[in-house]
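> when you get a sec, could you give me coordinates for this:
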Amino acid sequence: MKKISLIVIFSLILLPVLSSCKDKKAEQKEEEAVETEMVAESQEESPMNGLTEAEKADGWVMLFDGTTSEGWRGYKKDHFPAAWEIVDGTLHMLGSGRGEAGAKDGGDIIYDKQFQNFTLSLEWKISEGGNSGIFYLGEEKLDYIWKTAPEMQILDNERHPDAKLGKDGNRMAGSLYDLIPAKPQNAKPAGEWNKIELTVFKGTVVHKQNGENVVEYHLWTPEWNEMVAGSKFPALNPDWADVPAKGYIGLQDHGDDVWFRNIKIKEL
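All right, here's what the predicted structure looks like:
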């Protein structure tokens, strides 16, 4: 009888404990499953020229749908230049071989909305020996947008002469053109896709290229004014350093083939 009583007592004690352990293990598995799902969602790749549900919820908006030029027009023009085309889900500049002179109906293009604080994300691919750029906070008042706007350089670093000009590599891909070199210099060769993120927030600007921050600077500071004063820009536009707080995003026609895709923006 004593043995039976002990067994009953131990059963009464152990069963709730075992049951509690099972419940905790089940809860833990459920939590792990939820965490795994959340990680999977956060790592979900964006569709080509589209957004994941997580990106939409986070405030990202596409600036290029992959099939039309909607939202884009030529700088100081009311139409989309014929020298640009939409092909295979990309915005493609048809190289003229004429440098900045460009084709007859070419020229830089801008998105027809001004942005202030934002992160711009896109992918670019340059042709062999090619040159182009991404402008931001641009104004539409002079003959070229580069006379009013900072530029994140796009370049075939291996072949284009600009890679060896300027100072300390400040004309190579990812750089703040002619002012601050991209470090580390991690651009991929001509013909390969590069991914960039460009953040502007209350005067702080960061260039990110292929997953690494390569440039950081601050607009409107004494250091900024001094740096610009020592560059070529004041001779072209005495007010170049007075970058506006809000402006246009532009893509450059430098006479070379260049492709853009997955262009999206998040206003901050």
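> once you drop chain neighbours, what's closest to residue 170?
residue 181 (4.3 Å; CB to CB, 6 or more residues apart in numbering). All C-beta spots, glycine's among them, are computed from the backbone N, C-alpha and C.
> surely that neighbour touches residue 169?
Yes - using CB atoms under 8 Å, residue 181 is in contact with residue 169, at 4.1 Å.
> what do those two both touch?
Residues touching both residue 181 and residue 169 (CB atoms under 8 Å, 6 or more residues apart in numbering): residue 175.
> follow-up on the earlier one: from residue 259, how far off is the residue nearest to residue 170?
Per CB to CB, to the nearest Å, residue 181 is found 24 Å from residue 259.
> next: residue 135.
Applying CB to CB to residue 135 and residue 259 gives a distance of 17 Å.
> more neighbours, these two?
Taking other CB atoms under 10 Å, residue 135 and residue 259 do not tie; residue 135 has more neighbours (23 against 20).
> how about stretch 123-140, which residues are buried there?
123-127, 129-139 (16 or more other CB atoms under 10 Å).
> oh, that last question was meant for stretch 172-180, not what I typed.
Quick answer for stretch 172-180 (16+ other CB under 10 Å): 172-180.
> coming back round to it: looking at the buried residues of stretch 123-140, spot the one nearest residue 240.
Each of the buried residues of stretch 123-140 was scored against residue 240 by CB to CB, and residue 139 proved nearest at 10.4 Å.
> follow-up on the earlier one: biggest separation within the buried residues of stretch 123-140, which pair?
129 and 139 (30.2 Å).
> list the contacts of stretch 48-56.
41-42, 44-46, 60-62, 64-66, 89, 261-264.
> hey, where'd the strands end up in the stretch 1-150 of the chain?
Remark: strands assigned in the stretch 1-150 of the chain by DSSP state E, counting those that start in this stretch are 60-62, 72-74, 84-87, 90-93, 109-111, 118-126, 131-138.
> immediately after the last one, which helix or strand?
Remark: after strand 131-138, the chain's next helix or strand is strand 151-155, criterion DSSP states H and E.
> quick check: mean pLDDT across that following strand?
Across strand 151-155, pLDDT averages out at 98.
> tell me which other helices or strands that strand touches.
Under the contact criterion of 3 or more CB pairs under 8 Å, 6 or more residues apart in numbering; DSSP states H and E, strand 151-155 touches strand 118-126, strand 131-138.
> excluding its backbone neighbours, what's nearest residue 141?
Going by CB to CB, 6+ apart, residue 141 has residue 148 as its nearest residue, at 6.5 Å.
> what's near enough to touch that neighbour?
138-142, 237, 240, 243, 247.
> how does it look with 6 Å?
138-139, 142 (CB atoms under 6 Å, 6 or more residues apart in numbering).
> again, but for residue 63
111, 263, 265.
> confidence score at it?
If you check residue 63, the pLDDT there is 98.
> and it, how far from residue 46?
Distance from residue 63 to residue 46, by CB to CB: 13 Å.
> repeat that for residue 54.
9 Å.
> and if you look at residue 110?
Look at residue 110 and residue 46: by CB to CB, they are 24 Å apart.
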